[in-house]
Structures are given as C-alpha cells and as structure tokens.
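>>> Give me coordinates for this.
(chains A and B)
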Amino acid sequence: MKRLWLTLAALAALSTGLVAEDAPFGALTLPSPASVSAPSPAAAAVPAEREWLVLVFINGVNDLGMLGDAEKDINEMEAVGSTDKVAVLAEYGLMGSDDDSNLRFQRGTKTLYITRDEDPEEITSPVIYSSNDSDMGSAANLVRFARRGLRLYPARKLAVVVWNHGAGLQGISFDDVSRNHIEIDSLGRAMEEISRAAGRKIDVFATDACRMQMAEVAYELRNAASVVVGSEETISDAGYPYAPILRRLAANPSMNAERLGALIVDEYIASCSDNATLSAVRTAALPTFVKALDNWVSAIRSDPAALAAASDKTLTDSVSHFSNKDSKDLVDYIDKVDASPRAGGRVRVAGAALRNYISGALLIRSGALPAGPPPDGDPYTAANGLAVYIPDLRYASDNYERLAFAADSLWDDYLLDMMRERLK
Amino acid sequence: MSAAARTARITATAAVLLVCGLRAGAAEGDPADRLAAYELAIASANPAAAAAYLRDGEARELAQADPRKSAELLGKAEALKDLKDLLNMDWDDAKVNQLNKSLAIRIDVEKPLSLLGVGPEPEKLLSWLVRYAPRYPAAKKAAVRKAIRQWEVVFGTMTDTRTMKWGQAGWQNITKANWEGMVLRERNAVIEKLIARDPSFLIYNDERLAAEKDRVAVAAALIQVKNSGALSPAQLSQLSGKSFDDQLYLLGNMFDNSDIAVSQDLKNKINSARSSLPGEVLPYQQRQLLGGMLNTAVTKELSGTQAGARALSAFPGGLKITVAPVQGAYSRYDASTGGIVLDSETIQQYMRVKGYTADSLMRSPEQVAEIAKYMSPAVVYESAHKMQADWAVSRGIYLPQVQENEIEAMSLEGLYTTEKMQKDRKFKDILTSSREFSSYAAKKMDVGTQYQKRGSKGFAITVRQLYSAGLPSLSTAAAHVLGAVTSELERRETMPAAEKSALDSGGLSLSETLEMSPEELAYSVKEIQTPVLVKIQGDLSNLGTYRSRYAASDRQGRKSLKALERGTASAGAAVPPLTI
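Predicted structure coming up:
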C-alpha cells in the first residue's frame, strides 16, 4: 500500500498565507486545537461568493482508509482543485497501516481546501482546520464540517458528498474507532440542519457509498436537498471519478443542481466496466411519487388476489435485488406484480402510472451496467434507479418505523400485509 | 523575605502536598505561597494537592486575579481529584469493562490528565498509581491493568505481535510497541474486531457478552421446544432450514395460532426474543394514538407518589408522551419538543409476551393502563432530564451531559419504583413477572432496589460505576472544556483582528454551543464565537451552581426515601420542584 504523505505545497502556502508542513503518515497526529493558527483563505476578508461549494465528507476510519481509497480520491480531486468559481473541501478522517501492514490510527480530523496539483500520489492541499474530534460516524461532526465550509467559502450552490461504506437503511459512514455510524433519520436531520445553515436546500446530496439509493433514504432528505444521487448496488472500489466530475463542473460552474446530478451519474457509469448503478432523484417529485405509490398499494390491498400475488415469495424472490437482499428494485417489482395474471385492471393502471412517474418525473438520470460475477449471492437483474425495502419474512420495525417514509406512505402497512400473507 | 527563601518555602509546601496533601492545617500562611505550591504540585499530577486546592477558598480566590490561569488550574485540579475519586471506588474483575469506559473518556489525546502526563498512553496511569496510590490492593491494580488493556493481559506474555483481519483491508499486524502507543479507544477498536473472530475476547465487552449469553439461552429454549414433541411434523418442517431469528419468529406465530403444549416460561423466552409479528407492530398512526392515551394513563399512574408528583410538576401543561423506536435506549427526553419519547420496541416486546396486538391495545383501556404502569418509571426518569434542561434554560447556563444528571434522574426513578413496589400490587406484579424476559424491567427493578438498599450516596457510586461509566463526571467535563476554552481564548488574544471578527460573526453561536456534549464543545472551541467561549468559561468555573442543584435534589430524594421507610409518605404528598 502506498505511503501517504501530507505535504502542503509551497505555492498553496504562499497564496493562502499558510505555513507549510510535511509529515509522513506515521507522524500524522494532529496539532492541538490551540496550535492551529492557519487562517482559511477566506477567513481574513469578506469572502467572495462562488458558484459552487462542494463538500466531501471522507470517512476513512475503517478498512477503506486502510486500503488507501480515501487518499486516492483526494488525489483525484487535486487533479482539478478548487477554482475561483468552485470551492472543494474535504473533511478527512483516516486509519491505515504502514508498509509492513502494521495498523496505525490517525487521531483527529482535517479539513482540506482542495488545491490543484500534478502529483497523483501525494496530497498537497492545505489543511484549513483540524480537530481532535475524530468521530466520523457522527452526524454532528458532518454538520460542523458543512457549517465551516459555508462560513469560509460561501457559494450560490451547495453539493454535499458522504464518502464511506453505505448499508442502505442501516445507515452510512461507519467509524471503526468510535463505533458510530450515521442512521438514516439522523442523516435527514443533519442535512436539514445544513440546509437551514445555508438558507436554502442543499442542491445536490450524493453518497459515494454502497446501496444508499432507496426510496426511504431519498424521502428522508426531501426537505433538505433538491437532488439525491446514490447507488442501488455497491459502489466500485474506485468510487466516484472525482477528476472528470470536477473538471466538467469547473468548466461550467453555472450548471444547476440537476445537471450536476446527471453529470455525476454519467461520469460514474462511464468510469466502470460492469456492476455499476447510479441515479439522481428529484426530491420535489417525492410527495407525488408517494401518492402514486400509495395509489398502487391501495389497489393491491383492496384486491385479495392481487395482494396474494404481490406477496408471493416466488414472485418477490424473482425481483431484482441488490447485495442486501431486502433492498429490491422498485420498478422491477411493479413490473413483476403487474405481469401477474392475478393483478386486476386497477392494479395495472396504478402500476403503470407509478412506473411512468418514476421514470418521467422522479428520476433525473439513471445509469446501470450489467452486474458482474458476484463474490457472493445473486447479481441484480435490473436496476431502474430506485430500490425499496421488501423483507423476506420479518419486518424490521425497530429501524423502519423510524423513517418518515413509514409515517407518510402506506408502504409500511403494505409490507405488514405482505408479511401477514407470508405467515398464512 | 528573599526570593530564595520564598522558593524554598513553596517547594517545601509542595513537598508536603506531594506526600500527604494539605488538610485543614496546611491552609495556613501566605495564600500566595500556597497558590504557588499548589501550582507546582498539581503540575506534577498530585491528586492530594488538587483536592487541597479545591478546598482552599482563599487560594482559589487569589488565583482569580488571573482568570485564564485560574480556569486552567481549576480544570487540572478537578481532573486529578476526579481520577483519584474514580480509582478510590471498588474495582474488581467484574467491573473492569466499566472502569475501561471511565478511563477511556478521561485519558485521551489533549485531555487534561494527558496534559499532566497521565496519558494519553494508558500505561502512564500505572506509573501515576505507583507514585500516588501505592497502597491500592493487588486486585484493584490488576483490574486497572485489565481495564487499560495492557498488552500482556490481553495477548499474554508469549508474543509481541498479533495478526488480525480488518474487513476488506485484510491482514494487519498489531505489535506490542504499536499497542503501547494507542489510546484506550483505539485498543478497544482493535478488540472489537478481534471479538468477531475470536469469542474469547467477548470478556472485554459486557454488552456483547450479555447479548451472547441471552442468545445461547434462547437457542437452548428453541431446541427444547423443538424436542418437546409439542410441534407437529408440519410445524417442524416449517422451521427446518430457517435462520435462528426466522425460527423464533415462526414459532411465535405458531404459539399464537395453535395449541402448543410447552411451558409459559419457554413461550415467554421465545416471544420476548423474536421480532414482532405484523399484528404486534405499532405503526405510526397507532403510535400517535397510543402517545395520547398514555398521557392520561401515565398521569394517573404517577399521581399519589412522591417522585411521580415531582415528575408531573415538570409538565405544567400535562405530560407530553410520544411512542417511537428509540435506538439503544428505553426512552429519551426530546429537548426540541419538550416531550418524552418511549421506545415502541420495548412496548412491543411486552405486548408479544402478553399476547396483545396493536388492535387489541387500541381498543382496551386496561391494556393501555398496563403499558402505562410498565413504562411509568421511564417517564419519571426522563422527567428529571426535562427538569434539568428547564433549569439550565432558566439560568441561561450550559448544561453538560454528565454523570450527575444521570444520578439525579435515576435517583428519582429509583424512589418512584421503590414506592410503587411497596404500594401498588399490580405494578409490582407487572415488573416482577417481566424481569426474566425484559432487560428494561430488570434494570428498572434493579435501580429501585439499589436506590433503596444503598441510599443516595452509595447509589451515586453505583450509577457512576455501572450505569453511566461512559459519561464524564461534572469535574471531568469541566476540566476538559475549561482547558480547551482557556487555551483558545489565549490564542485569540494574538489573532489578527479581521480573522477574529470573521469568527465572531460567523462562528458557532450560543444556541449551537449549548447543544453540544462537553467533548464536542472542547473539540470545537476554534469555531465558537469569543463571547460564547467567555460565557462557557464563566459557567464551568462556577461548578458550585451545578453542585448546589444536584445536592438539593439529593437532599430531597433522601428525605423522601426516609419518609417512605417510616411509612409517612402520604399519597399525593407532592415533592416541591427544585428552585435552586
């Protein structure tokens, strides 16, 4: 594994007034809060408003950090860096191991102002803030990072990316030292807090993490973000291709949220050879989507034959699912139910309306490559941009009932009906 | 007096402090000399000097002449005294993991004790013990070594390298030298990974060990049911090939829908451990309704008890209960709404064992009354948190999340449970019969028993050791925050005016800061507005304000407990709310 060197480029130091530091990984302990005096580039003067502020919360305090994926992605960002129109900030927490595979912990976190360099091996962006609060599984930490970015680098539009392991409804950003992670309802509250701090919705919220593009997750973010980008299936080891994404954003900083969402989808899919899914959801369409979903679900629940068909284990087992088997492709499920001879006309009409709404209004962009040979389990057979929770036998009320989607839609009632059917 | 003579006297006083600390007699002579001696002794992490300084009002008043230095010295003194108090408790092998939690939040990077040389490497604590607590019994010293996860204790003396797998990153080495550079939370992170592959490490995590024991007990119950001959071949076939959790779930459904002749005890064991069946789940709309019904039912339940009356007084407009999943707890106080959230999973577990469904609960005032009885200790407990939050708001001060809050809340709950167990037969039956299958009921009864048996002083130690070892004490929190705030204020004195101005206008505000835990606050000082830091420094330099409140609450609790023991607690004798 490559050694990580954190070097503050002399040029960056000159331009920002920062003091350069050069510390090998083994010495990557943070200075005490009191000893960090480097001002941010924007702190000393009234900061100019840019077009975009891109905040990337990189939790490498787990095996991903040890694999070097975190620094690879930061180096990709440095291939473009920030510009006078686009500021890119990364909050960076890490654990790793040295050349002899001896485990090492980095203590604390750093906020990097991403600057351009030509070196794909070394991180040279200046540290504009460091803290001993090293819990990367903390939603409060994520909010503080965002507030810091908003304060120091004001911009007209805001993108927030959470980089780490994702586990769908089980949450995101798993920190192996604090043993915390961000639950979905906490994520929603955190994003709402960031949205309040920004004075408007986050333009793009993206998860560079596995299995997060579920109806339930997107719905939790409906009041906080305009566009939600995520993957139904696992994300590749390389993650988002930050260099081309930032390059295109820097070249056209006036692009709006939906264009950036679509761009991330396109570039990610283009960077993979197989086993890749990514989509961008328009959250303004979520309330109507829930109505259409409720309409379809009501049609099924009012028709015992349709309910029996839709609950049938053979049918649900045939629906495309992802590496978490309870996470299934919603459109594929609608297709399978509607194709059942036991589905009545009302179900089919409501199903068609729902399907059309998802593809025509809810999804801004959806990309998928065929599933590759999986390490374990069945590969997905369809990925239409949005997954939904369909358990096999037991309904996880402890987690699911915490979600706004369960409170506002009929999906939870439908799942309970389905689980009743399974017990017959 | 010459400077040399004064230095000699200060050194001599410091030496006395080093040996035995200053008691009453030592608070004599020139306060300035004493202050200098305290500074010298505290800088060498002397806990006796720290305790003496905290008692020496004259010296502390003198120190106030330099607020920054005063706050710094106070923080260090509080941290040292707190460490000594912590280690003076009884610690043995059974409580090692609680001690580990207590030490992990005290001995870490940039914590006051580490700045005094007691950390961040945990082994530094052993050196400190040799110097300042040489007479601790061998069992306690062994407990400390195990609590700090000393290499030899965890991995033995035969090796200085351990290889382990870390997720997708594959095999990693942990060397003894590496280990000795890790702080406690890092060592614990390694041990957590080891537990996944080697169950012998479960001894380092009480919660996971208890969960594993429960699982083994439930697995035995499952086998017993399957081997009992009470299941039909079709039922056995339905369970065949299913996962452990699926089998429990299916068995629960079979209990509900057929006559399976096994003991109620076995049924309870299975029903309490399994997932809820669809009819037992409380969906959102029904939880809303239940919350409303519980407001009335719990109010009735609390009325007529001393602690219950005090809990109700925290809600002048009436109780405000909602029911929802509460991750990792039985209840919580929601400061944003001023209401109490009761854990729906805890309620559903009770319903499963009793055979209630969501529909039957909605239709039956009796079942709601039963749930109200069952959950009422949690309401009392959370009402204390509401009182604390309201008190802090009324005073306009920072309320750190500390053990003392838990001691107050659990004492009130313990008083309530004690009184109800004595006076309310049905309450007693419900909790006693639930104890075997419900960790909630077991804990609530245990809190009541401990409070009654140990009295307030002993109970406070129990709370610190067993129930909230992972929380800082008021002293620890104050020391950490004061140290960080004071250093930051010093840094700002030389900060360029434009930078300071930008920070003071765009930095974290008072309302945002007041919501932070002490740890978050200490680690966020660089982003907090200067006037807010000054305010926090002032709040935590005056711990007497907090301690007076906790003491008043404690006196009230003791008085109530005595009245209960004498049988003079009259029904409806409301304990007046604290006005401290």
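>>> low-confidence ranges in the chain?
With no chain named, the answer covers chain A. Scanning chain A with the threshold set as pLDDT under 70 gives A:1-47, A:374-377.
>>> Actually, chain B is the one I wanted.
By pLDDT under 70, the weakly predicted segments of chain B are B:1-28, B:568-580.
>>> ok, longest helix in it?
helix B:365-395 (DSSP state H).
>>> Run the angle between the next helix or strand after that one and helix B:365-395 for me.
The helix or strand immediately downstream of helix B:365-395 is helix B:403-423, counting by DSSP states H and E. Interaxial angle, helix B:403-423 versus helix B:365-395 (axes from the mean of the first three to the mean of the last three C-alpha atoms, to 10 degrees): 150 degrees.
>>> re the thing from before, tell me which residues in the longest helix of chain B are buried?
Buried positions in helix B:365-395, judged by neighbour count with 16 or more other C-beta atoms under 10 Å in any protein chain shown: B:367-389, B:391-392. In short, each C-beta sits where N, CA and C put it, glycine included.
>>> and what of stretch A:301-319?
Neighbour-count burial for stretch A:301-319 [16+ other C-beta under 10 Å]: A:301, A:303, A:306-312, A:315-316, A:319.
>>> Likewise for stretch A:277-295?
For stretch A:277-295, the neighbour count (16+ other C-beta under 10 Å) marks A:277-283, A:285-286, A:289-290, A:292-295 as buried.
>>> As PDB, could you dump the C-alpha coordinates of that stretch?
The C-alpha atoms that make up stretch A:277-295 are tabulated as PDB, following Å, rounded to 0.1, in the frame of the first residue of the first chain:
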ATOM      1  CA  THR A 277     -25.600   1.500 -10.800                       C
ATOM      2  CA  LEU A 278     -26.200   5.200 -10.000                       C
ATOM      3  CA  SER A 279     -29.100   7.500 -10.300                       C
ATOM      4  CA  ALA A 280     -30.200  11.100  -9.400                       C
ATOM      5  CA  VAL A 281     -33.600  11.700  -7.800                       C
ATOM      6  CA  ARG A 282     -35.500  14.900  -8.000                       C
ATOM      7  CA  THR A 283     -36.800  15.300  -4.400                       C
ATOM      8  CA  ALA A 284     -39.500  17.800  -5.400                       C
ATOM      9  CA  ALA A 285     -41.200  14.900  -7.100                       C
ATOM     10  CA  LEU A 286     -41.200  12.700  -3.900                       C
ATOM     11  CA  PRO A 287     -44.600  13.800  -2.500                       C
ATOM     12  CA  THR A 288     -46.300  13.000  -5.800                       C
ATOM     13  CA  PHE A 289     -44.300   9.800  -6.000                       C
ATOM     14  CA  VAL A 290     -45.600   8.700  -2.600                       C
ATOM     15  CA  LYS A 291     -49.200   9.500  -3.700                       C
ATOM     16  CA  ALA A 292     -48.700   7.300  -6.800                       C
ATOM     17  CA  LEU A 293     -47.100   4.600  -4.700                       C
ATOM     18  CA  ASP A 294     -50.000   4.700  -2.200                       C
ATOM     19  CA  ASN A 295     -52.500   4.600  -5.000                       C
END
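>>> That one near chain B anywhere?
No. Counting by C-beta under 8 Å from any C-beta of the partner chain, no contacts exist between stretch A:277-295 and chain B, the nearest distance being 13.5 Å.
>>> Checking the residue in the stretch 101-250 of chain A that chain B sits nearest to next. Helix, strand or coil?
Chain B sits closest to A:Asp133 of the stretch 101-250 of chain A, with a gap of 3.4 Å, by C-beta to the nearest C-beta. Assigned with DSSP: H, G, I helix; E, B strand; the rest coil, A:Asp133 falls in the coil class.
>>> Give me the distance between the longest helix of chain B and the centre of its chain.
18 Å (C-alpha atoms, centre = their mean, to the nearest Å).
>>> can you check stretch B:322-329 too?
With C-alpha atoms, centre = their mean, you get 17 Å for stretch B:322-329.
>>> Start and end of it, how far apart?
For stretch B:322-329, the first-to-last residue distance is 14 Å (C-alpha to C-alpha, to the nearest Å).
>>> same deal with stretch B:272-291?
Terminal-residue distance, stretch B:272-291 (C-alpha to C-alpha): 22 Å.
>>> try stretch B:233-244
Terminal residues of stretch B:233-244 lie 19 Å apart, using C-alpha to C-alpha.
>>> Would you indicate which residues of that stretch are buried?
Applying 16+ other C-beta under 10 Å to stretch B:233-244 flags B:235, B:238-239 as buried.
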